[in-house]
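S.K.: got a predicted structure plus its sequence, pasted below:
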Amino acid sequence: MLKVAAMRESIKENSPLIHNITNVVVTNFTANGLYALGASPVMAYAMEEVEDMAKIAKALVLNIGTLTRETNEAMLAAGRTANAHGVPVVLDPVGAGATPFRTESAKMLLNELQIAVIRGNAGEIANLSDSPVPMQGVDSRFSSENEKELAVQVAKEWNTVVCMTGENDIITDGETHYVVSNGDKMLTKVTGAGCLLSSVTGAFLTLEESPLDAAAAACIYYGIAAEKAASRQHLPGPGHFQMNFLDMLDELTEAEIKTYMKFKKEEIE
Amino acid sequence: MLKVAAMRESIKENSPLIHNITNVVVTNFTANGLYALGASPVMAYAMEEVEDMAKIAKALVLNIGTLTRETNEAMLAAGRTANAHGVPVVLDPVGAGATPFRTESAKMLLNELQIAVIRGNAGEIANLSDSPVPMQGVDSRFSSENEKELAVQVAKEWNTVVCMTGENDIITDGETHYVVSNGDKMLTKVTGAGCLLSSVTGAFLTLEESPLDAAAAACIYYGIAAEKAASRQHLPGPGHFQMNFLDMLDELTEAEIKTYMKFKKEEIE
Amino acid sequence: MLKVAAMRESIKENSPLIHNITNVVVTNFTANGLYALGASPVMAYAMEEVEDMAKIAKALVLNIGTLTRETNEAMLAAGRTANAHGVPVVLDPVGAGATPFRTESAKMLLNELQIAVIRGNAGEIANLSDSPVPMQGVDSRFSSENEKELAVQVAKEWNTVVCMTGENDIITDGETHYVVSNGDKMLTKVTGAGCLLSSVTGAFLTLEESPLDAAAAACIYYGIAAEKAASRQHLPGPGHFQMNFLDMLDELTEAEIKTYMKFKKEEIE
């Protein structure tokens, strides 16, 4: 059984330092979300300090949402330091496939670094593969069978855990997978909802669990918080949802987690 | 008659990709506002990808609010690509007149690119003219007659549509103008309210309408959303207004638009 | 007696331009907080314009939260211009001690510029001293006696006012100190709460008061706004607190300030 509530308590107790090199759109929401969870966010981008910061962090999150060449180099340097010090690294390949620069940068990071978890949507994940993938284009929809196949393929190709989020979240190391059904469609109306999940995954990776279990637990926690936030709204818009969601990331109780968690775990034949 | 409600529906149906090169203060609010409207925001700044992104976007928004030399060059490259591919370009000359760097950068972009709409306040617009303008300084107030004159002058000088926002918004192509009276003074207490309007204007420019009609419709939609947000507040401060405003950008109905729109259209003698 | 309410009224009347060179995480919250207070925020980072902007600003705030080498140079240039024009400068040494780059950058700015007020937490302040300080490490807690000693030492060493915030805020010029007890622990759950206080301090520095009195008044105003925001919450989470806090920065009345202010002023023996 996944001990999601215990894992969250442990994050709150230890306030792990999460080093984020992320895009300029979501910095504030990411930091506030990590605080709400109980973690300790830091953003540091400059080549002059990324290695020093990665060294003292408990997890490193690389997000290519508004990448520049300089940030790209800083990510590489921070990632190498993290690898050398056993600090787990999450990659969020925002917009991979939208421009060659993003696709190539994401693959470069995958080639050069040991990434513990890749967190992205199906289109982004598909663009990380060097082999043909079961898809018809960035904007096309995948069937749920195709999605599993794709996640497994990319997990094996890069020897990592893939956390592919969508209506259901698929988390796999290529051999076992979780399918998480928690979540709410309001998350698609808030910018940085995926990016923050990547950073929350970073926080769960600081615990003793395997990257597979940690990423699944992060998706479950995040999804329940979204459901509770959406159900609490007397005003149903995306503005208020954002605030309710930060509140719920802070307030979610053990009882709520146990009542609402909705996932299955399967071995891949 | 301006079909504001139909235009908004069309944005929601098509989710046009709006490429923003904007300032670091307003990225999050801009992205959330575009999502609430139903558009699909992307921020991309790096020279390595701005051309690729501008090419696939349906509109490009250039905002000089926290300009650097690098971003300036990226704006130029993105703008040239947009022009070559028929992608409409909005310019928001934030703080033109405050420093020579801003004024010169805005004029450089106007010289080098075809700008569909300039969206700014009276002081900023005045600083875009190479001829004497009817004003007494950046901070001085313009009479409403002077404001129209100024907007027309700048629209003719740069052969573009000027959308000059203030207590009333004046939108003109130098021959016809709209005066839009929707809006609420709470917008002046939220950072990035003007910047987001520029990006919303970008979304309206993706439709079949003329830039003049599109910019007027954007101002009307935006203004009504602000009025509804302000009237809904049981707590009247600027913090809650921000959330109510994002909610209303999402929720505004056809009936509300038709009931509350307040503008006139005039030919310039 | 500290005239906190009168000082705030004066800020509202004059809308002083506050030039912020701050980190990318807190730009939006900082700008909205300054607007709520009644000041006029501007962010400008580029070497091409920082001197022009610092010249026309009424205060300059330097915040090293996501420092790069380029921003570091821009801070130095802006600071020199501010010093030459009598524009007061606030330094927020975010994360000093976390990496050598941050510590050295903060000290470089202190060496090269006349800083009116340093605003930071105890760990950051401790790392600005070249002498041994009464502490055991960045994360260690200081006793309240040690904290006063530390603030006085750093104020004397750099010939400035130190505003050291925590459960109580200690503001000292090395000879006199204020201890401010207003505030609420919810501030620790919102990213940029310290950064915004630094910018609010900048706004109070534009008045006729001494930097010592101005910084103390800023802490009192800010702390009461936090208390009122926390007490107004029917939903107690950090998301809604953020909005309530912006509201209260806008709405705080003279009567509330006079009723709730909680500080003492002492001469150092």
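M.R.: Arrived safely, thanks for sending.
S.K.: for the residue of the stretch 51-200 of chain A found nearest chain C, give me phi and psi.
M.R.: As assessed by Cβ to the nearest Cβ, chain C sits closest to A:D52 within the stretch 51-200 of chain A, at 3.9 Å. (C-beta placed from N, C-alpha, C; glycine too.) Dihedral angles of A:D52 (phi, psi; degrees, to the nearest 10) stand at phi -60, psi -40.
S.K.: list the contacts of it.
M.R.: Under the criterion of Cβ atoms under 8 Å, 6 or more residues apart in numbering or on different chains, the contact list for A:D52 reads C:98-101.
S.K.: out of those residues, which are buried?
M.R.: C:98-99, C:101 (16 or more other Cβ atoms under 10 Å in any protein chain shown).
S.K.: inside helices: which ones of the contacts of A:D52?
M.R.: Counted as lying in helices by DSSP state H, out of the contacts of A:D52, are C:100-101.
S.K.: distance between the helix or strand bottoming out on mean pLDDT in chain A and the chain's centre?
M.R.: Least confident helix or strand, chain A: helix A:144-158 with a mean of 92, by mean pLDDT, DSSP states H and E. Here helix A:144-158 is found 16 Å from its chain centre; the criterion is Cα atoms, centre = their mean, to the nearest Å.
S.K.: OK, contacts around the residue of the stretch 101-250 of chain A found nearest chain B?
M.R.: Chain B sits closest to A:G237 of the stretch 101-250 of chain A, with a gap of 2.5 Å, by Cβ to the nearest Cβ. When contacts are counted by Cβ under 8 Å, 6+ apart, A:G237 touches B:36, B:243-244, B:246-248, B:250-251.
S.K.: what is the mean pLDDT for the helix or strand that contains A:A215?
M.R.: Using DSSP states H and E, A:A215 falls within helix A:211-232. For helix A:211-232, mean pLDDT rounds to 97.
S.K.: can you check stretch A:28-46 too?
M.R.: 98.
S.K.: is it up against chain C anywhere?
M.R.: Yes: counting by Cβ under 8 Å from any Cβ of the partner chain, chain C is contacted by stretch A:28-46 at A:28, A:31-32, A:35-36, A:41-46.
S.K.: okay, now that stretch: how far is its last residue from its first?
M.R.: End-to-end distance for stretch A:28-46, by Cα to Cα, to the nearest Å: 18 Å.
S.K.: what do you get for stretch A:58-71?
M.R.: End-to-end distance of stretch A:58-71 (Cα to Cα): 20 Å.
S.K.: now do the buried residues in it.
M.R.: A:58-68, A:70-71.
S.K.: re earlier: quick one, phi/psi of the residue of the stretch 101-250 of chain A closest to chain B?
M.R.: Taking degrees, to the nearest 10 as the convention, A:G237 sits at phi -80, psi 170.
S.K.: state the pLDDT value of it.
M.R.: Value listed for A:G237 in the pLDDT field: 93.
S.K.: for A:D139, same thing?
M.R.: pLDDT for A:D139: 46.
S.K.: how much space between the residue of the stretch 101-250 of chain A closest to chain B and chain C?
M.R.: 13 Å (Cβ to the nearest Cβ, to the nearest Å).
S.K.: which residue packs closest to that residue, ignoring adjacent ones?
M.R.: B:D247 (2.5 Å; Cβ to Cβ, 6 or more residues apart in numbering or on different chains).
S.K.: same check, this time on A:N127
M.R.: Using Cβ to Cβ, 6+ apart and skipping residues adjacent in sequence, the residue nearest A:N127 is A:G97, 3.4 Å away.
S.K.: pretty sure the one you found is touching A:T103, no?
M.R.: Yes: shown here, A:G97 and A:T103 form a contact pair, counting by Cβ atoms under 8 Å, at 5.8 Å.
S.K.: where does the stretch 1-150 of chain A come near chain C, residue by residue?
M.R.: Contacts of the stretch 1-150 of chain A with chain C, taken as Cβ under 8 Å from any Cβ, map to A:24, A:27-28, A:31-32, A:35-36, A:41-46, A:48-49, A:52-53, A:56, A:70.
S.K.: swap in 7 Å and give it another go.
M.R.: When proximity is defined by Cβ under 7 Å from any Cβ of the partner chain, the stretch 1-150 of chain A lies next to chain C at A:24, A:27-28, A:31-32, A:35-36, A:41-46, A:48-49, A:52-53.
S.K.: now, those that are in helices?
M.R.: A:27-28, A:31-32, A:35-36, A:52-53.
S.K.: of these, which pair is most distant in space?
M.R.: Put simply, by Cβ to Cβ the two of those set farthest apart are A:A36 and A:D52, 26.7 Å from each other.
S.K.: buried set for stretch A:237-257?
M.R.: Of the residues in stretch A:237-257, A:237-252, A:256-257 count as buried by neighbour count, 16+ other Cβ under 10 Å.
S.K.: stretch A:6-23 too?
M.R.: By neighbour count with 16+ other Cβ under 10 Å, stretch A:6-23 contains the buried residues A:7-8, A:10-11, A:15-23.
S.K.: quick one: low-confidence parts of the stretch 51-200 of chain A?
M.R.: By pLDDT under 70, the weakly predicted segments of the stretch 51-200 of chain A are A:134-142.
S.K.: same thing but 90
M.R.: A:130-146 (pLDDT under 90).
S.K.: list the contacts of the helix or strand hosting A:M7.
M.R.: Following DSSP H and E, one finds A:M7 within helix A:4-14. With contacts defined as Cβ atoms under 7 Å, 6 or more residues apart in numbering or on different chains, helix A:4-14 is touched by A:37-39, A:203-204, A:207, A:209, A:217, A:220-221, A:254, A:257-258, A:261.
S.K.: any idea which helix or strand comes after it?
M.R.: strand A:17-21.
S.K.: chain B contacts on chain A?
M.R.: A:24-26, A:28-29, A:66-69, A:95, A:98-102, A:189-191, A:235, A:237-240, A:243.
S.K.: how many neighbours does A:K107 have?
M.R.: Residues lying near A:K107 (other Cβ atoms under 10 Å in any protein chain shown) number 17.
S.K.: in which helix or strand does it reside?
M.R.: Assigned by DSSP H and E, A:K107 falls in helix A:100-112.
S.K.: Three-state assignment for the closest residue to chain C within chain A, please.
M.R.: Relative to chain C, the nearest point of chain A is A:D247 (2.6 Å; Cβ to the nearest Cβ). Three-state assignment for A:D247 (DSSP: H, G, I helix; E, B strand; the rest coil): helix.
S.K.: looking at it, it is touching C:L235, isn't it?
M.R.: Yes: A:D247 lies in contact with C:L235 (Cβ atoms under 7 Å); the separation is 6.0 Å.
S.K.: tell me which residue lies nearest the centroid of chain A.
M.R.: Geometric centre of chain A, nearest residue: A:S198, 2.1 Å, by Cα atoms, centre = their mean.
S.K.: now the strand or helix carrying that one and helix A:4-14, what's the angle there?
M.R.: Element membership of A:S198 [criterion: DSSP H and E] is helix A:193-204. On the basis of axes from the mean of the first three to the mean of the last three Cα atoms, to 10 degrees, helix A:193-204 is oriented at 80 degrees to helix A:4-14.
S.K.: just the angle between helix A:193-204 and helix A:27-37, please?
M.R.: 40 degrees.
S.K.: so what does helix A:193-204 touch, helix or strand wise?
M.R.: strand A:17-21, helix A:27-37, strand A:59-63, strand A:89-92, strand A:117-120, helix A:211-232 (3 or more Cβ pairs under 7 Å, 6 or more residues apart in numbering or on different chains; DSSP states H and E).
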